[in-house]
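Chemist: Sequence and computational prediction follow.
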Number of protein chains: 4
Amino acid sequence: MECLVHRVPMRDPSDASAVLQLIDDRLIAAHEIVAIFGKTEGNGCVNDFTRGYATMALSVALAKPLGVTAEEVPVRVAIVMSGGTEGGLSPHFLVFAVRERGAAPSGSKSLAIGAASTPVLLPEQIGRMPQVEATAAAVREAMKRAAIADDADVHWVQIKCPLLTSGRMADAASRGAATATDNTYASMALSRGASALGAALALGEVDPAALDDRAIGRDVGLWSPRASASAGVELLHSEIIVLGNSAAWSGDNVIAHGVMRDAIDLPSVIDVLNELDFKIAGQLDEVAASRILAVLAKAEASRSGTIRGARHVMSDDSDIQASRHARALVGGVLAGIIGRTDLFVSGGAEHQGPDGGGPIAVIARRPS
Amino acid sequence: MECLVHRVPMRDPSDASAVLQLIDDRLIAAHEIVAIFGKTEGNGCVNDFTRGYATMALSVALAKPLGVTAEEVPVRVAIVMSGGTEGGLSPHFLVFAVRERGAAPSGSKSLAIGAASTPVLLPEQIGRMPQVEATAAAVREAMKRAAIADDADVHWVQIKCPLLTSGRMADAASRGAATATDNTYASMALSRGASALGAALALGEVDPAALDDRAIGRDVGLWSPRASASAGVELLHSEIIVLGNSAAWSGDNVIAHGVMRDAIDLPSVIDVLNELDFKIAGQLDEVAASRILAVLAKAEASRSGTIRGARHVMSDDSDIQASRHARALVGGVLAGIIGRTDLFVSGGAEHQGPDGGGPIAVIARRPS
Amino acid sequence: MECLVHRVPMRDPSDASAVLQLIDDRLIAAHEIVAIFGKTEGNGCVNDFTRGYATMALSVALAKPLGVTAEEVPVRVAIVMSGGTEGGLSPHFLVFAVRERGAAPSGSKSLAIGAASTPVLLPEQIGRMPQVEATAAAVREAMKRAAIADDADVHWVQIKCPLLTSGRMADAASRGAATATDNTYASMALSRGASALGAALALGEVDPAALDDRAIGRDVGLWSPRASASAGVELLHSEIIVLGNSAAWSGDNVIAHGVMRDAIDLPSVIDVLNELDFKIAGQLDEVAASRILAVLAKAEASRSGTIRGARHVMSDDSDIQASRHARALVGGVLAGIIGRTDLFVSGGAEHQGPDGGGPIAVIARRPS
Amino acid sequence: MECLVHRVPMRDPSDASAVLQLIDDRLIAAHEIVAIFGKTEGNGCVNDFTRGYATMALSVALAKPLGVTAEEVPVRVAIVMSGGTEGGLSPHFLVFAVRERGAAPSGSKSLAIGAASTPVLLPEQIGRMPQVEATAAAVREAMKRAAIADDADVHWVQIKCPLLTSGRMADAASRGAATATDNTYASMALSRGASALGAALALGEVDPAALDDRAIGRDVGLWSPRASASAGVELLHSEIIVLGNSAAWSGDNVIAHGVMRDAIDLPSVIDVLNELDFKIAGQLDEVAASRILAVLAKAEASRSGTIRGARHVMSDDSDIQASRHARALVGGVLAGIIGRTDLFVSGGAEHQGPDGGGPIAVIARRPS
């Protein structure tokens, strides 16, 4: 098997034409598509409808090539939308496709992908240990499907998780169950946090004994360097996509990851690029940059209110949400070194990297 | 003479305590202060009152040490406030002081500063050639006061210029004179643009024959690589501060400048750092970064709507002004390489650098 | 014929379920639907994708009941989306359906509706007299289809008009034609203004001799008290929907209109309600309010910067667009007297009512 | 004694000229000023610096007429700033002055004012019962100073209260004390809520047995119909200003209050106006409106997410804070009936009126 990765632009959230063009150009076949990540141009917060709009547009567009109804497309393809292209970030889709190959793998490890789901999560499980454990189980299942045996070969765990709505909270209450929060917005953070800790548990990144309901959303010392979680109203279970390297896969694509210790931690980004055999002397030149297929990162305002001792205003700004500032900043740091702006930087990094920092992964073609 | 530069933080726009501390600590004397630049945390647009607030707070704070009334402080000290600390930018003041020295200059050129003003500009002159010419004359005067003879030794021209209010437009109309625009917001851009072209004219950066009223705000091919202009409602004339290097000055501080061709033009930033004898292999380490006294840059959304072919959303975003996106982005690019966030990145770069790019200057201590 | 009007809520822009429910409940048949107006919860400005999202959602939802593809739905049903539910405005759809009746009209005039389109408008025609004239012709055609002979029986002209994109401007340029503006956002205002003047021309509200290209967008003294225009990127021609009263129609619904002289002109609103036989002594009680089927209004910040001499901040606020302030304000004025918040208040009132004011219409059932 | 009330405009937060003009015009003497309320044009949230700016500007302006330093002005005059003039609200100052009169009171009750302060509140007391009790004591003291014996004669209690900063939280922690929250923003709501419950306790509006730490910020059934609280970083104690009617005072000014049950509760507003002998038949005419000296109201988004069953978007909007929507809406409702936009509508109504509603008071001259 080979995991193909295509990065294509969108003119607006309704524009799936570049994805269809990949099929028309026979770069991929519709049935090979296993996942589509989208960086859309909404605010990335509660009332960001660009995520749903892009999902609907992709579903309508892919229904015919897949030979299913629009409603069935998200069942066939894992669709993960992340809102927010602040600063200079450019709206784009990342299309992941799996091609069955006759050729045997080369011996070296290549990019591998696997997906799995948790069962439906009850409202009272969200943001609590049952979500952590269900996520951990699904991560292990996705690893198995990706034919990744060694934890160290996992480089990115993308998780799409549910949130609490007033309806779901009422449902729990009607059964006499209490939810972890009565605030919809807070439930997004708790669900992302529990998801990330689930990945950390599956990958042996945290001490299981340190995990309990109270730690979720509070103990910032517990985090995964490889998890990226986003919460959405459109699902009741969680979907997990594991990206890593595996000798069971073929092709020239590989992935590496690192952790930004704070929002301007360029050295950690350079370390990841070095692992992928880039030679860094300032910004990548155009030829080198063309080897990069995808950049995945999380961004978040530090709770300390400072970056290396200097005050930032992200959390005190009541006009622009903190996560919007953070994406713009990290996008600038990454664009400076990579020389491109179509970077998948998303916000809300609870338990995903240290406070104020976050995981970063790069998918690249091997140098020829 | 020696030009001292101190960068100090502010807790909020009203907090001038760190400037007073410089005096208490005898790092500078109050009467040595010639200019204060402030990066304040407002929106940097029309209703950004943090600029005025910080100016009032500085005036009140410095009145006693200077032995004048608060109203007289801005007459004695050139105060330039730039709003907007999006992304991770950190609010701070840059305090420029001039110390008379007994010692003769060393022979090498050191940081030099000079200030001058235009006469009061009539409303109908704003955004037109009379403003260009008055600015050019004041730039030449400021150069003279800075003892900079060679145009090539000028590295930054900071201009604070007036704008049109409805009152000033009515005044012009009452005299039968037409203003360049009937829109207050548009007048800010025109005034900045005419100011920048004034600097370009003084420094021989544009062909005088190419300049006329029609070109101002329209011909994006005309620009200064060293001008930085900001418009403010609080003055009727323009104030010019020239920064450069001169053999008539002593001390370890020097300035260099460059032009970012687009918002992610890290190589041009590295060129400036190289000129100042930094060795760049990724981010500056803490020791190297401590040599940097000030980073001055302009940021702007490209009119093309793209950065290196990839679409950005800055100009289409009706929730966050384009200049706010641009500052966050350029702030990220700079913070990545420099490892600090207290950078003086300001927006509104009409005729200040190429479309989507802008001038950048760095003031540093010589390596010991 | 009878014109039925149903006002239904939406949970979010993708939620067309309440429209489908009308069909399931046999209150209307799918083929009877002639127009759907939607008040969606975006910012109502350039990057408001809730309009497109709601249009796509309605199209997908109505495809099956109408027996057409989703793409064909907007050809069959005039869909007009207006973004922005600031303050307390509630997102909702207004569904207009036409029912053929055996019964003869009663003699009194009833609500009538008619739709028509202009031909495709060339980029260089937008915001200029050719658009004014094409709109006027379409308004007259829509009146004819609505069987309204007397201009005085027209009470609302809803116009959806095209705008200029960079692509369309390039197309004009390639043919050697100049467009009215080179600014996309400005083209929205010009297109709305030309559309409104087209309605004013058709209805005899302005002196044809006063109309020329220069007056469009500039002469605020020229306006229609019945036009409501919105510009959208999704069409190249204009669609016109005329609402009025006609003896050729039957049913209990009637429409009346007025003009708010400024944003807080409650007396003009009360006049409209009085015309519809409401007795006003403060807020309508619940029984009276239930007679009201739709409230249509335009809102805009006054160019003077004041309301009855008191300064407003709408146009100086760089964090919240002026039209957002204006909708919130007018929504509050209307909600106070009517006692409901599902009001179709839209922004951008160029040549639609006097500066700072705007047209208002109410559709109500006759009192029984 | 007579309580004079003057409402004057400001051009921007730094403009205290209209207050000085009152003194120049001998309408009031500087030493007669006891309180100044200001409605400033910031966002009314965390990073609203217009409140501090206006306070500094007033202090600088009044120092000379009062014969004190700028720092001493806020000790002499109670200055209460409320940010946010969304929709059509107009920035303005309300100046309250007390004039000693030789003439005996007329027998009827007239507007009375009294101020008092709590002791400094420890960080761990904020948002808890000690703050409730200290506020209640200060309200009773202010009533005494206003010579109001009967609780029923109190119509408005304006409270300016402290909040928690990270510094104050650290101070508590260093003493082993836990604060009510570790979130600065949340502390504003808790402090306002505890303040309002203090007023309710003083005025017998809530059952003392129902009050405990847990109820603060949670039990929305507990509220005062006369309290208006705002939290500010600039003080460590609370300042209370009581407004009411008293036979011990003379003059033509009187105050009345009511409670808006929801944000569009116009009937309750009309009831207040009726109490003040206005005859309401739609909007007040100019002559009637000129009798109104001040309108004071609180606005808040309902936690239910609806207004009379129709969904609002205030709490889901991540671009505009809920309190900004709420002020715009209530401002529109009030401006519609009163015909003016210089209304003191402020946000953050925890325990100040029912969920989604809030107290409203009107100060007017008696009809002649």
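Modeler: Okay, I see it. Numbering: from 1, shown residues only, chains lettered A, B, ... in the order given.
Chemist: Show me how far stretch A:85-95 is from its chain's centre.
Modeler: 13 Å (CA atoms, centre = their mean, to the nearest Å).
Chemist: how much space between A:Q158 and chain D?
Modeler: 22 Å (CB to the nearest CB, to the nearest Å). C-beta here means a position set from N, CA and C on the backbone, and glycine is covered the same way.
Chemist: ok, what's across the strand from that residue?
Modeler: A:S228, A:I241 (DSSP bridges).
Chemist: Check whether the one helix or strand in chain A whose mean pLDDT sits lowest comes near chain D.
Modeler: Across the helices and strands of chain A, mean confidence by mean pLDDT, DSSP states H and E is lowest for helix A:166-174: a mean of 90. Yes - using CB under 8 Å from any CB of the partner chain, we find that helix A:166-174 touches chain D at A:S166.
Chemist: residues touching the closest residue to chain C within chain A, list them.
Modeler: Residue nearest to chain C within chain A (CB to the nearest CB): A:Y53, separated by 4.1 Å. The neighbours of A:Y53, taking CB atoms under 8 Å, 6 or more residues apart in numbering or on different chains as the test, are A:13-14, A:40, C:13-14, C:49, C:52-53, C:56.
Chemist: could you point out where chain A is predicted with low confidence?
Modeler: Of all residues in chain A, those with pLDDT under 70 make up the ranges A:102-105.
Chemist: all helices of it, in order?
Modeler: Applying DSSP state H to chain A gives helices spanning A:17-24, A:50-66, A:73-76, A:129-145, A:166-174, A:184-202, A:266-275, A:286-289, A:322-338.
Chemist: how about the last one, does it get close to chain B?
Modeler: Yes - residues of helix A:322-338 are located near chain B by CB under 8 Å from any CB, namely A:324-326, A:328-337.
Chemist: Same list, those residues, but as CSV with neighbour count and distance to B:R218 please.
Modeler: CSV is the format used below for these (neighbours: other CB atoms under 10 Å in any protein chain shown; distance: CB to CB, whole Å):
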residue, neighbour count, distance to B:R218
A:R324, 32, 32
A:H325, 31, 33
A:A326, 32, 36
A:A328, 31, 29
A:L329, 32, 33
A:V330, 35, 35
A:G331, 32, 31
A:G332, 33, 29
A:V333, 33, 34
A:L334, 28, 34
A:A335, 30, 29
A:G336, 27, 31
A:I337, 24, 35
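Chemist: Of those residues, which is the nearest to B:E2?
Modeler: Set against B:E2, the nearest of the residues of helix A:322-338 next to chain B by CB to CB is A:G336 (33.5 Å).
Chemist: Of all pairs in the residues of helix A:322-338 next to chain B, which one spans the longest distance?
Modeler: A:R324 and A:I337 (21.8 Å).
Chemist: residues touching the residue in chain A positioned nearest to chain B, list them.
Modeler: Scanning chain A for the residue nearest chain B gives A:G332, at 1.8 Å (criterion: CB to the nearest CB). Listed by CB under 8 Å, 6+ apart, the contact set of A:G332 reads A:87-88, B:87, B:264, B:328-336.
Chemist: let's see 10 Å
Modeler: Contact analysis of A:G332 by CB atoms under 10 Å, 6 or more residues apart in numbering or on different chains lists A:86-89, A:263-264, A:341, A:345, B:87-88, B:263-264, B:266, B:299, B:327-336.
Chemist: repeat for A:V313
Modeler: A:301, A:305, A:320, A:322, A:325, B:12, B:40-42, B:84-91, D:46-47.
Chemist: Which residues of chain A lie near chain C?
Modeler: A:12-14, A:40-43, A:47-50, A:52-57, A:59-60, A:63, A:70-71, A:233-234, A:317-320 (CB under 10 Å from any CB of the partner chain).
Chemist: Recalculate using a threshold of 6 Å.
Modeler: A:13-14, A:49-50, A:52-53, A:56, A:319 (CB under 6 Å from any CB of the partner chain).
Chemist: Can you pick out the most distant pair from those residues?
Modeler: A:M56 and A:D319 (29.4 Å).
Chemist: what's the burial count for A:R99?
Modeler: 13 (other CB atoms under 10 Å in any protein chain shown).
Chemist: hang on, it packs against A:E2?
Modeler: Yes - counting by CB atoms under 6 Å, A:E2 is a contact partner of A:R99 at 4.7 Å.
Chemist: how close does the nearest residue to A:M56 once chain neighbours are set aside sit to C:V139?
Modeler: By the measure of CB to CB, 6 or more residues apart in numbering or on different chains, the closest residue to A:M56 outside its immediate chain neighbours is C:M56, 6.0 Å from it. Going from C:M56 to C:V139 by CB to CB, to the nearest Å gives 28 Å.
Chemist: Give me the spatial nearest neighbour of A:W223, chain neighbours excluded.
Modeler: A:H351 (4.7 Å).
Chemist: and the stretch 1-150 of chain A, which residues reach chain B?
Modeler: Applying CB under 6 Å from any CB, we find that the stretch 1-150 of chain A lies next to chain B at A:41, A:85, A:87-88, A:90.
Chemist: Which ones among the contacts of A:V313 lie within strands?
Modeler: In strands, judged by DSSP state E, the following of these are found: B:T40.
Chemist: What is the burial count for the residue in the stretch 201-350 of chain A that chain D sits nearest to?
Modeler: The nearest approach of the stretch 201-350 of chain A to chain D comes at A:S318, 3.2 Å away (CB to the nearest CB). Applying other CB under 10 Å, we find 20 residues neighbouring A:S318.
Chemist: ok, now which ones touch it?
Modeler: D:43, D:45-47, D:321 (CB atoms under 6 Å, 6 or more residues apart in numbering or on different chains).
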